[in-house]
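Undergrad: 3D, please:
(chains A and B)
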Amino acid sequence: MNVARLDQLWVYLSGNPLLSLLMTLLAFTLAVRLNRALGGTPLLHPVMLAIALLIGSLLLLDMDYATYFEGAQFIHFLLGPATVALAIPLYDHRERVRRLLGPLLLACVTGILTAVASTLGLALLLGAKHETLMSLAPRSVTSPIAMGIAEQIGGIPSLAAGLVLLTGAIGCALGPAIFRLLRIQDPAVQGFTMGLAAHGFGTAQAFARLGAVAGAFSGLAMGVTGLLTAFLLPLITHLLGWG
Amino acid sequence: MPLILGMSMLLACQMLGEMLARGLTLPIPGPVIGMVILLAALIVRGKVPESLRVSGEGLLRYLTLLFVPAGVGLMVHGALIGRDVLPILVTLIVSTALTLGVTAWVLSRLQGRLGKGDRS
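TA: Numbers count the residues shown, from 1 in each chain, chains lettered A, B, ... in the order given. Take a look at the predicted model:
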C-alpha cells in the first residue's frame, strides 16, 4: 500500500491556499460562536478573537504570514467589492442623507479633527516613536485608505492597518456605553458616529445591531471620513513640520 | 445568474475606481471611488437592480470576516508594538472614546437644531 508520509502531506498542505482559507473561515465561525456563548459581549470582538486564534495557530504551526496570506487573500480581496456595495444602503436612504447633509459634514470634520488631534497629542505625550506616531495618525479610517495615508506621511502601512483594526474593535466596545451616557438613541446618529470612529467594524456592528438606517449612515460616515482624512492628514503633518 | 451579474457590477465599479485613482494619482483608494461611481449610477437609474442587491447585501452581511486576513498581519509587528505598547493602547482607547463622544454630541445637537428649524 502506498501511503504518503505525514510530513510530505504537510509540505503539500502548507504550500496550498486551501489550508489558510479553511483556517480563516473556521477561526471566524469559532470566534462568533465563542462571542455568542459569552453573551455577545462587545469587549471581545469576534474579529479580534478570530485574529488571536489565527495568530496563535500560525505560531504553533510555524507558518509565516506571507504563506498564510497566499490563501487568505481571497477573503481579503472581497473588501474591495464590499466597499463599493456600501453605495446600496446609501442609495436606499438618500432622502434622509440629503436632508442632513450640512450637519453630517460638520460633524464629520469635527470628528476627524478630534481623532487626529487626540491621537497625535496623546501618543506624543506618552513618548511613542516617530514611525509609530505616523502609523497611529490615520487610525480611525478604513484600512485601505489608512495604509495609503500612513505610507504618504512616513508611517508603516501594515502596522497602520493593524492599529485601524484595534481602533475598530475598541470603538465597538465603547460605542454603546458612550451613547447611553450621552442619551443618544437616534439610530442615524449612532450609526454615523460608529462609522466615523470605528470605520468598517462600526459599520458592520451598526448593520447587525442597529438596523439598515444606522448601517447606511455608518457606511456614509466611513466613506466621507476616509476621503476627508486622506486630504486633511498629509496637510496637518506637513504644517506641523513632520511631512 | 443574479449573483454573477451583481458581482460583475460591483467589480466593474471598483475597476473604474482603481483606474481613476491610478490615472489621476489620487490619494483615495479605488474602491471608495467605485462606491461613489455606483451611487451616481443608482441615482441616474432610479432603482437598485435585484441582482446587485443580492450580491451587495450578501457581502455587507459578512463584512467583519473580510477584515480578518489583514488583522492577522499584526503578528509581523509584534516587536514594534511591544516597544510602544502602553502609548499605543492608551492613545487608541482614550482617543476613540473622545471621537465617539464628540461626534455623537455634535451631530445630535446640530440635528436637534435643524429639526426645530423645520417646525418653525
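Undergrad: low-confidence ranges, chain B, go.
TA: Chain B contains residues with pLDDT under 70 at B:27, B:113-120.
Undergrad: pull the longest helix from it.
TA: Identified as the longest helix of chain B according to DSSP state H is helix B:85-119.
Undergrad: residue contacts, the most centrally placed residue in chain B?
TA: The centroid of chain B falls nearest to B:V32 when counting by CA atoms, centre = their mean (7.4 Å). By CB atoms under 8 Å, 6 or more residues apart in numbering or on different chains, B:V32 lies in contact with A:83, A:142, A:144-145, A:223, A:226-227, B:17. Using the backbone N, CA and C atoms, a C-beta is placed for each residue, glycine as well.
Undergrad: so which helix or strand takes in it?
TA: Here B:V32 sits within helix B:30-45, counting by DSSP states H and E.
Undergrad: how near is the residue nearest to the centre of chain B to A:A212?
TA: Using CB to CB, to the nearest Å, we find B:V32 at a distance of 21 Å from A:A212.
Undergrad: again, but for A:T203
TA: Using CB to CB, A:T203 is found at 12 Å from A:A212.
Undergrad: just the CA atoms of stretch A:48-59, as PDB, please.
TA: Output of stretch A:48-59 as PDB, limited to C-alpha atoms (Å, rounded to 0.1, in the frame of the first residue of the first chain):
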ATOM      1  CA  MET A  48     -10.200  40.300  17.300                       C
ATOM      2  CA  LEU A  49     -10.900  36.800  18.700                       C
ATOM      3  CA  ALA A  50     -10.600  35.200  15.300                       C
ATOM      4  CA  ILE A  51      -7.300  37.100  14.700                       C
ATOM      5  CA  ALA A  52      -5.900  36.000  18.000                       C
ATOM      6  CA  LEU A  53      -6.900  32.400  17.300                       C
ATOM      7  CA  LEU A  54      -5.300  32.500  13.900                       C
ATOM      8  CA  ILE A  55      -2.000  34.200  15.100                       C
ATOM      9  CA  GLY A  56      -1.800  31.500  17.800                       C
ATOM     10  CA  SER A  57      -2.300  28.700  15.300                       C
ATOM     11  CA  LEU A  58       0.200  30.100  12.800                       C
ATOM     12  CA  LEU A  59       2.800  30.400  15.600                       C
END
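Undergrad: how about it: buried residues?
TA: A:48-55, A:57-58 (16 or more other CB atoms under 10 Å in any protein chain shown).
Undergrad: okay, who's weakest in those by pLDDT?
TA: Lowest pLDDT within the buried residues of stretch A:48-59 is found at A:M48 (87).
Undergrad: just list the residues touching that one, thanks.
TA: Counting by CB under 8 Å, 6+ apart, A:M48 makes contact with A:165-166, A:169, B:71.
Undergrad: by neighbour count, which of the residues you listed wins?
TA: A:L165 (27 neighbours; other CB atoms under 10 Å in any protein chain shown).
Undergrad: just how off-centre is the strand or helix carrying B:L60 within its chain?
TA: Secondary structure from DSSP H and E places B:L60 in helix B:50-61. Here helix B:50-61 is found 15 Å from its chain centre; the criterion is CA atoms, centre = their mean, to the nearest Å.
Undergrad: what comes into contact with stretch A:139-146?
TA: Under CB under 8 Å, 6+ apart, the answer for stretch A:139-146 is A:79-80, A:83, A:112, A:115, A:119, A:138, A:149, A:160-161, A:163-167, A:171, A:196-200, A:222, A:225-227, A:229-230, B:28-29, B:31-32, B:67, B:70, B:92, B:95-96, B:99.
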